[in-house]
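>>> structure for the following, please:
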Amino acid sequence: MAYIDKEINAENMKSPQSMVKALRAIEHMNSGQVLKVTTDEARSISNFEAMCYQLGHKLMEVIDLDGEYTLLVKKA
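Below you'll find the model as predicted:
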């Protein structure tokens, strides 16, 4: 697993709340830093893929542990 610069827990948040929380966190990070997002919302994966594609960030890893998802996002 990559070095984590910032973590947010978005469990029990419906999409797009987790995205908004992640975007706010990314705003305050430097290029190349990694954000770890933990969520239990499966559709967050496709939302984060789209966000990363549109904004140039990199979705480095998605881990699924029985419905708990960990996403690692590297800021562009």
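
>>> only C-alpha atoms from now on, for both contacts and neighbour counts.
Fine.

>>> how far away is the most far-flung residue of the chain relative to its centre from Asp40?
For the chain, the residue at maximal distance from the C-alpha centroid (CA atoms, centre = their mean) is Asp66, at 17.7 Å. According to CA to CA, to the nearest Å, Asp66 stands 9 Å off from Asp40.

>>> next one: Ala22
Look at Ala22 and Asp40: by CA to CA, they are 14 Å apart.

>>> repeat that for Leu71.
With distances taken as CA to CA, Leu71 is found 11 Å from Asp40.

>>> same check, this time on Met51
18 Å.

>>> same question for Gln33.
Distance, Gln33 to Asp40, by CA to CA: 23 Å.

>>> more crowded one of those two?
More crowded of Gln33 and Asp40, by other CA atoms under 10 Å: Asp40, with 19 against 15.

>>> thought the more buried one was touching Asn9?
No - contact between Asp40 and Asn9 fails when scored by CA atoms under 8 Å: they sit 9.6 Å apart.

>>> and Met60, how many residues sit next to it?
Look at Met60: counted by other CA under 10 Å, it has 15 neighbours.

>>> just use 42 as the starting number from now, easier for me
Let's use 42 as the start, then, which means that last one is Met101.

>>> for the helix or strand hosting it, buried residues please.
Element membership for Met101 (DSSP states H and E) is strand 99-106. Buried residues in strand 99-106, counted by 16 or more other CA atoms under 10 Å: Lys99, Leu100.

>>> stretch 47-64 now?
Neighbour-count burial for stretch 47-64 flags Ala51, Ser59, Met60, Ala63 (criterion: 16+ other CA under 10 Å).

>>> circling back to that earlier point, now do the phi/psi pair for the residue farthest from the centre of the chain.
Here the main-chain torsion angles of Asp107 (degrees, to the nearest 10) amount to phi 50, psi 50.

>>> against Asn71, how distant is it?
In this structure, Asp107 and Asn71 are 32 Å apart, going by CA to CA.
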